[in-house]
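Student: sequence plus predicted model, see below.
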Amino acid sequence: MARRLNIETIGVKNTPDLNSSCDVVLRVKNRSPMQGNIRQLVVCEDISGISSKTDLLTIQDFSRIRNNLTKKIRPNLGLEISIADARRLDANALGRWLSQAKYVYRLCRSTRCQFIISSGAKSIFGMVSSRTFESILTMLNISPANYWAELSAWLDSKDTVRSYVC
Amino acid sequence: MLRRKNKRRYLAVMYDPNTSQTRVKGDIQGRFMELFGSIAKELAFLRAYHSIQNGILILSCDLEYLERILFTIAMMEQPMTVVMMSGTVRKLRERLIQSEISLN
């Protein structure tokens, strides 16, 4: 399905059966050396739980964490917003979501963090094609080409598991 | 006077097959109007076409409004996704058959 949507790499939660034709990044709470050469990202959903090992912070309730966000983040941390959260919002709240996403993007630029927009899909219907991601980025006044290039570079910089397993 | 037809784009939208096609189309139009207004909805000239694939809706729109339509579909409460896009409905149908996207 990811191939049909023109997505090269997908992030998945740790599942025992991983038979994917595309590149997979595991979203884990704690990094483990057991997954062989599969890339892992340590994901944190609570801002107070950020540690030096955290790769990615998922922003769920932006208004609640806004004040703490600038204090807690550090360079090279990924800040992720999810489209699945935005689907449930009405037009007014969606407008606010867009402005918050723009704020997070500007914050990422100024603090050398990585802005990440993800589908948050729980089924194949919730997956988002690369072209649709680009239309969302355009709505946020973000250049899609820059976004993909920066995201690839950031993912490569997180590719530490492969080097110590080999 | 030069009369030029506006370019259109045809999208294959994959949705949960338990939902009716009419409802999906109505929901997309409703969300589009909620986000971008009635005028944009009329100018986008949204049209739905019959699809032989179960769980696939073929939707067309004015090229100028393509970004907004893609954004709208990504922001639908009931998850659905654009799996294919083409400049003609015939080409889109051919490609759908070739790729055998079906949820049967």
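Tutor: Perfect, thanks for sending it.
Student: longest helix anywhere in chain B?
Tutor: For chain B, the helix that runs over the most residues, judged by DSSP state H, is helix B:21-36.
Student: pull out the buried residues from it.
Tutor: Buried residues in helix B:21-36, defined by neighbour count with 16 or more other C-beta atoms under 10 Å in any protein chain shown: B:Gln21, B:Val24, B:Lys25, B:Asp27, B:Ile28, B:Gln29, B:Arg31, B:Phe32, B:Met33, B:Leu35, B:Phe36. The way it works is simple: take the backbone N, C-alpha and C, and place the C-beta from them, glycine included.
Student: contact partners for B:Leu11?
Tutor: B:Ile58, B:Leu59, B:Ser60, B:Cys61, B:Ile69, B:Leu70, B:Ile73, B:Val82, B:Met84, B:Met85, B:Leu92 (C-beta atoms under 8 Å, 6 or more residues apart in numbering or on different chains).
Student: of the buried residues of helix B:21-36, list those near chain A.
Tutor: B:Leu35 (C-beta under 8 Å from any C-beta of the partner chain).
Student: and the buried residues of helix B:21-36 as a markdown table, adding pLDDT and distance to A:Asp46?
Tutor: What follows is the buried residues of helix B:21-36, written out as a markdown table (pLDDT from 0 to 100; distance: C-beta to C-beta, whole Å):
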| residue | pLDDT | distance to A:Asp46 |
| --- | --- | --- |
| B:Gln21 | 89 | 41 |
| B:Val24 | 92 | 36 |
| B:Lys25 | 92 | 40 |
| B:Asp27 | 94 | 34 |
| B:Ile28 | 95 | 35 |
| B:Gln29 | 94 | 39 |
| B:Arg31 | 95 | 31 |
| B:Phe32 | 95 | 35 |
| B:Met33 | 95 | 37 |
| B:Leu35 | 95 | 31 |
| B:Phe36 | 95 | 35 |
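Student: show me the helices in chain B, by range?
Tutor: Using DSSP H, helices in chain B cover B:21-36, B:38-44, B:66-74, B:89-99.
Student: to A:Ala121, which of the ones you listed lies closest?
Tutor: helix B:66-74 (10.9 Å; C-beta to C-beta).
Student: pull the residues that contact that closest one.
Tutor: A:83, A:87, A:128, A:131-132, A:135-136, A:138-139, B:9, B:11, B:13, B:28, B:31-32, B:35-36, B:40, B:44, B:46, B:59, B:61, B:80-82.
Student: wait, B:Gly87 sits on B:Ser60?
Tutor: No. With contacts counted by C-beta atoms under 8 Å, B:Gly87 stays clear of B:Ser60, the gap being 10.1 Å.
Student: quick check: neighbours shared by those two?
Tutor: With C-beta under 8 Å, 6+ apart as the test, B:Gly87 and B:Ser60 both reach B:Arg8, B:Arg9, B:Tyr10.
Student: around the last one, how many other residues sit close by?
Tutor: B:Tyr10: 20 surrounding residues under other C-beta atoms under 10 Å in any protein chain shown.
Student: near chain B, which residues of chain A?
Tutor: So far as C-beta under 8 Å from any C-beta goes, chain A lies against chain B at A:4-5, A:83-84, A:86-91, A:94, A:121-129, A:131-132, A:135-136, A:138-139.
Student: now a PyMOL select for only the buried ones of the residues you listed.
Tutor: The PyMOL selection below is limited to those of those classed as buried (16+ other C-beta under 10 Å):
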select buried, chain A and resi 5+83+86+87+94+121+124+125+126+127+128+129+131+132+135+136+139
